[in-house]
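> structure, please.
(one chain, ligands or ions: 1)
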Amino acid sequence: MKVIKTIPQMRDWSRQQNSNGFSIGFVPTMGYLHEGHLSLIREAKKHAQKIVVSIYVNPTQFAPGEDLDAYPRDFKRDEQLCAAEGVDAVFYPSNEEMYLPQHKTFVITEELATKLCGQSRPTHFRGVTTIVAKLFNIVQPQVAVFGQKDAQQAIIIRRMVEDLNFPVQIITAPIVREADGLAMSSRNKYLSIRERQEAVFINRSLELARKSFSSGIRDLEAIRAQMEALLQKNTSARIDYIEFTDAETLGRPMPQEAPVLLAVAAYFGKTRLIDNTILE
Ligand code: AMP
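Below is the predicted model of the structure:
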């Protein structure tokens, strides 16, 4: 497995693979890999012959005061995990490599970036779309895999790819959970023992919603109230949002007609966790 740190070397590697007739599958990550990330690598392998994983904690998707500096990093471990999964190349650039001091260009997906997580993180998605656009231009993959864990991100990336004509097929892979149901996240590392125990109630609140929905309840406000009550009773979490949107467009939910994305964000202490489910 090759570890590549510069843009010209990454481009050369990809060009070489393509000219040898191999397609490239790409999994962008911020590292500190867990089973969720590894599931994306396995998915990518089903769709492409050579796999690139990027490991880059992208500063432009963090606002001042967020956890950019504290974000967990362990490159050696990530490298070993990637090698064990049969990854062909890891792209591991520095900030200097990715952003010139005179950088001025951002990709913005307009109102999609202002919904859900965009409410409390107004500059987050412009950082995400910008870095993913840059990475697509550098790695030049034919296929890229994103996790349903970040449902809004996956929707935004699909929009960007279509709008800007990137020749990349986007695949979304299911959420991987811990044994007790908590969605895996590099940020789970921040949780105290008590917060970790409480955090399981995010998924329980989603399960409760799914149960209500499948029993025929279509009053989304009533479902939201049930979820809030469960979280308030069992945790000290501060709910950032519990929202229902159309699962493809992030527009108004139409529970009678189309799948609904139910997305949750909540703070456990200082740690902001997100999770979601599809109601259909
Ligand atoms: P991150 O390193 O957190 O930026 O995530 C990199 C990719 O892994 C994104 O496409 C995420 O949606 C995906 N991902 C993170 N956690 C999970 C999970 N628990 N299950 C599936 N995919 C995940």
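
> any buried residues in the one helix or strand Gln80 maps to, and which?
Assigned by DSSP states H and E, Gln80 belongs to helix 75-84. For helix 75-84, a neighbour-count test (16 or more other CB atoms under 10 Å) marks Asp78, Glu79, Leu81, Cys82 as buried. To be clear about C-beta, it is placed using only N, CA and C from the backbone, and glycine gets the same treatment.

> the third one and the ligand, how far apart?
Remark: distance between Leu81 and the ligand (CB to the nearest ligand atom, to the nearest Å) = 12 Å.

> and for Asp67?
12 Å.

> how many neighbouring residues does that residue have?
Neighbour count of Asp67, defined by other CB atoms under 10 Å: 14.

> just the strands in the chain please.
Here the chain has its strands, by DSSP state E, at 2-4, 24-29, 50-55, 89-91, 143-147, 169-173, 238-246, 260-268, 271-279.

> what about the last one, near the ligand?
Translated: strand 271-279. No: using CB under 6 Å from any ligand atom, strand 271-279 stays clear of the ligand, coming no nearer than 8.8 Å.

> just use 358 as the starting number from now, easier for me
From this message on, residue numbering opens at 358, which makes the last subject strand 628-636.

> and that strand, what does it pack onto?
Where contact means 3 or more CB pairs under 8 Å, 6 or more residues apart in numbering; DSSP states H and E, strand 628-636 is packed against helix 550-571, strand 617-625.

> of all those, which one comes closest to the ligand?
Ranking the helices and strands packed on strand 628-636 by proximity to the ligand (CB to the nearest ligand atom) places helix 550-571 first, at 11.0 Å.

> what angle sits between that closest one and strand 628-636?
20 degrees (axes from the mean of the first three to the mean of the last three CA atoms, to 10 degrees).

> need the contact partners of helix 550-571.
Applying CB atoms under 8 Å, 6 or more residues apart in numbering, the contact partners of helix 550-571 are 534, 537-540, 545, 548, 579-580, 583-584, 587-588, 591-594, 599, 612, 617, 619, 621, 623, 625-626, 628, 630, 632-634, 636.

> now those residues: which count as buried?
Applying 16+ other CB under 10 Å to the contacts of helix 550-571 flags 534, 539-540, 545, 548, 580, 583-584, 587-588, 592, 594, 599, 612, 617, 619, 621, 623, 625, 628, 630, 632-634, 636 as buried.

> where does Gly422 land on pLDDT?
At Gly422, the pLDDT value in this model is 95.

> what of Ile512?
At Ile512, the model reports a pLDDT of 98.

> name the nearest residue to it, ignoring sequence neighbours.
Leu607 (5.8 Å; CB to CB, 6 or more residues apart in numbering).

> distance of the one you found from the ligand?
Taking CB to the nearest ligand atom, one finds Leu607 at 16 Å from the ligand.

> report the residue ranges of every domain in this protein.
With domains defined by automatic domain parsing, the chain comprises 359-530, 543-631.

> what's the burial count for Ala556?
Ala556 has 24 neighbours, counted by other CB under 10 Å.

> contacting residues for the nearest residue to Ile398 once chain neighbours are set aside?
Of all residues beyond its chain neighbours, the one nearest Ile398 is Glu442 (4.8 Å), with distances taken as CB to CB, 6+ apart. Listed by CB under 8 Å, 6+ apart, the contact set of Glu442 reads Leu395, Ile398, Arg399, Ile408.

> could you dump those into CSV with distance to the ligand added?
Listed next are the contacts of Glu442 as CSV, based on distance: CB to the nearest ligand atom, whole Å:
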residue, distance to the ligand
Leu395, 9
Ile398, 10
Arg399, 11
Ile408, 14
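
> now tabulate the residues you listed in JSON lines and tack on pLDDT.
JSON lines is the format used below for these (pLDDT from 0 to 100):
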{"residue": "Leu395", "pLDDT": "98"}
{"residue": "Ile398", "pLDDT": "99"}
{"residue": "Arg399", "pLDDT": "98"}
{"residue": "Ile408", "pLDDT": "99"}
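
> wait, what's in contact with the residue nearest to Ser396 when sequence neighbours are not counted?
In this structure, Ser396 finds its nearest non-sequential neighbour in Val533, 5.0 Å apart by CB to CB, 6+ apart. The contact partners of Val533, by CB under 8 Å, 6+ apart, come to His391, Glu392, Gly393, Ser396, Gly504, Lys506, Ala540, Met541.

> cool, thanks, signing off.
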